[in-house]
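J.: Output the structure for:
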Amino acid sequence: QVQLVESGGGLVQPGGSLRLSCAASGFGLNDYVIGWFRQAPGKEREGVSCVDTRYGITDYADSVKGRFTISRDNAKSTVYLQMSSLKPEDTAIYYCAAKRKLLPSECVLFGSQYDYWGQGTQVTVSS
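T.: Below is the predicted model of the structure:
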């Protein structure tokens, strides 16, 4: 049974940092792309970052480049999203998702292409 469980969300002040974790189970991580997405109230879901867990290829939304870093620990079947210099506009529910790879290496930020989703974790950036 495929399962993705996010953790690490919370309340942080502007300029602060948080690290989100996505623990995967029920599938081989090397055959999947893991993506982080977020959705703020009244807004559409946005692709934040992704990683090809076999080759380490990554991509980021322009809004988070230079502030967020995605990484993975295949031995622990866990993908992380280190978020720094957080802004109020980063406030959202953050979801991780898994996409079975169709190419030898890939990393996409289109949520419609992902097969499995976690339940989400709330991130609130406020003073």
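J.: Find the nearest non-adjacent residue to the residue sitting nearest the centre point of the chain, please.
T.: The chain has residue 36 as the residue nearest its centroid, 2.1 Å off, counting by Cα atoms, centre = their mean. Spatial nearest neighbour of residue 36, excluding adjacent residues (Cβ to Cβ, 6 or more residues apart in numbering): residue 48 at 4.4 Å. Yep, even glycine has a C-beta here, placed from its N, CA and C like the rest.
J.: Now do the strands in this structure.
T.: With strands called from DSSP state E, the chain shows them at 3-7, 10-12, 18-25, 32-39, 46-52, 58-60, 68-73, 78-83, 92-100, 116-117, 121-125.
J.: Quick check: which of the ones you listed is nearest to residue 110?
T.: Among the strands of the chain, strand 46-52 comes nearest to residue 110, with 6.5 Å by Cβ to Cβ.
J.: tilt between that closest one and strand 92-100?
T.: Interaxial angle, strand 46-52 versus strand 92-100 (axes from the mean of the first three to the mean of the last three Cα atoms, to 10 degrees): 40 degrees.
J.: Work out the sheet partners of strand 46-52 and label each with its direction, please.
T.: strand 32-39 (antiparallel), strand 58-60 (antiparallel) (DSSP bridges).
J.: Give me the distance between the residue nearest to residue 36 and residue 26.
T.: Distance, residue 48 to residue 26, by Cβ to Cβ, to the nearest Å: 23 Å.
J.: So which of the two has more stuff around it?
T.: Here residue 48 and residue 26 are compared on neighbour count by other Cβ atoms under 10 Å; more neighbours surround residue 48, at 25 against 11.
J.: Any stretches of the chain with poor pLDDT?
T.: Along the chain, segments meeting pLDDT under 70 are nowhere present.
J.: And residue 63, its phi and psi?
T.: Note on residue 63: backbone dihedrals following degrees, to the nearest 10 are phi -70, psi -20.
J.: In contact with it: list those residues for me.
T.: By Cβ atoms under 8 Å, 6 or more residues apart in numbering, the residues touching residue 63 are 46, 89.
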